[in-house]
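Engineer: Okay, here's the prediction I keep looking at, along with the sequence it came from:
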Amino acid sequence: MVTIFSFKKRKRESDYNDLKWMRPFFTLSALFVCINFTQVGLGCGLPICDVRSELKVLEEKGQAYRFQFISKLRNDFGKEKEEAKLNNLLLFAGGVVELIARLNDEDYVLREAKALKDQILFALVQWVWRDCQRLSAAYSELASDARRYAALDFFLRRVGEFKSEDIIRNLVCFAGNAEATSRRLDDADYISRHALSLASSLSTQLLEVFNGWEGAFQLTVIDGPLQEEIDKLKLILFSSGGDLGIVAALTHPTIPPMVFKNVSFQGQPQSLISRQSFASQVPSVIELNFDENFEMVSGTVLEPIALKKTRFEARRIVSIRSFSNEPCAESELLGQYYVTLAGHSGTFSLEKIGTEQYAGVFSTPSGEFRLPFAFGKYNASTGRLTFVNMQANIPLAWRLSAERGSDSRCLLTGWGISAFNSASYPLILRKQN
């Protein structure tokens, strides 16, 4: 009896040992069955119907289960864009990160949980959130500087798609906060520069939906050494439509100008700032604050090396109409125009050189006077047309509106404004037959 019992016992042990190698398979299969049931069996339309209950279930399982559960969520919702589902997943991700840290799981499980949270945050930043507060908070929580750069780049490549003034203002606010955050987190310098580029591009885009800010201003007050010649001092402000962004310049007919590029809005269009001066001997910062109608401005120029701040005030003397009532189509825009410039009659030839990019040249019949523009930008939805010519690294701009006239021909009207010699002059360009 004993012998038979021992044999049977060994037989059962042998069967158990033979099946030992299959245990991981059974465990993994059961795990996926459970996870699939958890995901597929939902009736609420959300990834996790009851976040608190699901976290409680995960707490009672092992770390391998938790890892596989989180990995499946990452895979199943890797391309999710629906706000309700993403918010649901973010709530769960925050809870599961805290849970895994408390349970002291191995690092690979915690990394996967943090990766899920980062993935959902990034999706919300890309596809859902457009308010400054939530975007800024999410940016500071993204897992790496590479991820933060990608978030900035996502918006930078889509600046032209934003048409809402409110959304653009929020994104300008976000870009400013992102630059400060990247500096605080000691990100690579190119990331904070990317944030500045985003702020500049958004500021330029805001001008496509905000009218009446460009033009020339006569200084009325200055606390610097040029008080006796204040009637010759002007502030020039225009959008280049290109890499220079918004340009601001303090000009005098006989003194080298102080020119700033990539001016950006600070929360509202009436408040502008630029830290990127060029064509001036000393790097400096300009701040501008306009009244509600952009008719009056007060500002300061700071020269960091000398720690000298110059304050000034100015009033508008030139207004530039930004939008056309009936914009010309691109096919109507190209060709030759009659124009008179500073007493010189001539023609302006306009050609397309790339996607939404144009080149133009003004020339007199004798050819003794030519003014080429290597860069031009046209917005067919508003009729805004801008040409920029660089003279000794100082911009001269033709800011025009392209409108179909009563004779069905394209008429270009606007102003030429120069940061080189403070000149401003009206322009009327009539399309030739």
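Structural biologist: Yep, it's here. This structure is a prediction, so every number in the text was calculated from the model and none was measured.

Engineer: Apart from its chain neighbours, what residue comes closest to residue 94?
Structural biologist: Leaving aside its chain neighbours, residue 94 sits nearest to residue 117 (6.4 Å; criterion: C-beta to C-beta, 6 or more residues apart in numbering). Using the backbone N, CA and C atoms, a C-beta is placed for each residue, glycine as well.

Engineer: so which helix or strand takes in residue 347?
Structural biologist: strand 344-354 (DSSP states H and E).

Engineer: Identify the residue spatially nearest to residue 275, adjacent ones excluded.
Structural biologist: Per C-beta to C-beta, 6+ apart, closest to residue 275 is residue 285, 5.2 Å.

Engineer: where's the one you found relative to residue 345, distance?
Structural biologist: To residue 345, residue 285 is 42 Å away according to C-beta to C-beta, to the nearest Å.

Engineer: Compare these two (neighbour count), which wins?
Structural biologist: residue 285 (16 against 10; other C-beta atoms under 10 Å).

Engineer: What is the helix or strand that comes right after the strand holding residue 347 packed up against?
Structural biologist: Counting by DSSP H and E, the next helix or strand C-terminal to strand 344-354 is strand 357-363. For strand 357-363, the elements it packs on are strand 344-354, strand 370-379, strand 384-391, judged by 3 or more C-beta pairs under 8 Å, 6 or more residues apart in numbering; DSSP states H and E.

Engineer: that older thread, list the contacts for the residue nearest to residue 94?
Structural biologist: 90, 93-94, 97, 141 (C-beta atoms under 8 Å, 6 or more residues apart in numbering).

Engineer: what do you get for residue 249?
Structural biologist: Counted by C-beta under 8 Å, 6+ apart, residue 249 has contacts 235-237, 257-260, 394-395, 419.

Engineer: neighbour-wise, which of these leads?
Structural biologist: Counting neighbours by other C-beta under 10 Å, residue 260 leads the contacts of residue 249 with 29 neighbours.

Engineer: tell me which element that residue falls in.
Structural biologist: Going by DSSP H and E, residue 260 is part of strand 255-266.

Engineer: do you know which of the helices and strands packed on strand 357-363 lies nearest residue 302?
Structural biologist: For residue 302, the closest of those is strand 384-391, at 25.4 Å, according to C-beta to C-beta.

Engineer: Can you list the strands that the closest one pairs with?
Structural biologist: strand 370-379 (antiparallel), strand 394-404 (antiparallel) (DSSP bridges).

Engineer: quick one: average confidence on the last one?
Structural biologist: Pointing back at strand 394-404 there. Strand 394-404 shows a mean pLDDT of 91.

Engineer: distance between the following helix or strand past that strand and the chain's centre?
Structural biologist: Note on strand 394-404: by DSSP H and E, the next helix or strand toward the C-terminus is strand 410-418. In terms of C-alpha atoms, centre = their mean, to the nearest Å, the centre of strand 410-418 is found 28 Å from the chain centre.

Engineer: who touches strand 410-418?
Structural biologist: Contacts of strand 410-418 (C-beta under 8 Å, 6+ apart): 215-216, 236, 238, 251, 318, 320-321, 328, 332-333, 335, 337, 341, 385, 391, 394-405, 423-431.

Engineer: ok, it: who's next to it in the sheet?
Structural biologist: Using DSSP bridges, the strands paired with strand 410-418 in its sheet are strand 394-404 (antiparallel), strand 424-431 (antiparallel).

Engineer: I'd assumed residue 243 was in contact with residue 388.
Structural biologist: No: no contact is recorded between residue 388 and residue 243 when judged using C-beta atoms under 8 Å, the distance being 9.7 Å.

Engineer: who's more crowded, the two?
Structural biologist: More crowded of residue 388 and residue 243, by other C-beta under 10 Å: residue 388, with 22 against 12.

Engineer: mind listing what that one touches?
Structural biologist: 240-242, 244, 373, 375-376, 395-398.

Engineer: Need the residue closest to the centroid of the protein.
Structural biologist: The centre of the chain sits closest to residue 198, judged by C-alpha atoms, centre = their mean, with a distance of 3.5 Å.

Engineer: quick one: pLDDT of that residue?
Structural biologist: 94.

Engineer: same thing with the one 5 residues further on?
Structural biologist: With respect to pLDDT, residue 203 has a value of 81.

Engineer: Quickly find the element holding it.
Structural biologist: helix 189-206.

Engineer: helices and strands around whichever helix or strand comes after that helix, which ones?
Structural biologist: Using DSSP H and E, the helix or strand that follows helix 189-206 in sequence is strand 215-222. For strand 215-222, the packing partners by 3+ C-beta pairs under 8 Å, 6+ apart come out as strand 234-239, strand 308-319, strand 410-418.

Engineer: Please report how far residue 317 lies from residue 422.
Structural biologist: 11 Å.

Engineer: Could you tell me which residues touch both of the two?
Structural biologist: Taking C-beta under 8 Å, 6+ apart as the contact rule, residue 317 and residue 422 both touch 216, 234.

Engineer: out of these two, which sits in the more crowded spot?
Structural biologist: residue 422 (22 against 12).

Engineer: where does this structure have low pLDDT?
Structural biologist: 1-43, 267, 279-283 (pLDDT under 70).

Engineer: where do the strands sit along the stretch 1-150 of the chain?
Structural biologist: Taking DSSP state E, counting those that start in this stretch, the stretch 1-150 of the chain contains no strands at all.

Engineer: mind listing what residue 226 touches?
Structural biologist: 233, 252, 255.

Engineer: Any chance of a ChimeraX selection covering the buried ones in those residues?
Structural biologist: Command for ChimeraX that selects the buried part of the contacts of residue 226, burial taken from 16 or more other C-beta atoms under 10 Å:
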select :233,252
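
Engineer: what residues are up against residue 274?
Structural biologist: 246, 248, 260-264, 285-286.

Engineer: Residue 150 too?
Structural biologist: Applying C-beta under 8 Å, 6+ apart, the residues near residue 150 are residue 122.

Engineer: how near is it to residue 180?
Structural biologist: Taking C-beta to C-beta, one finds residue 150 at 19 Å from residue 180.
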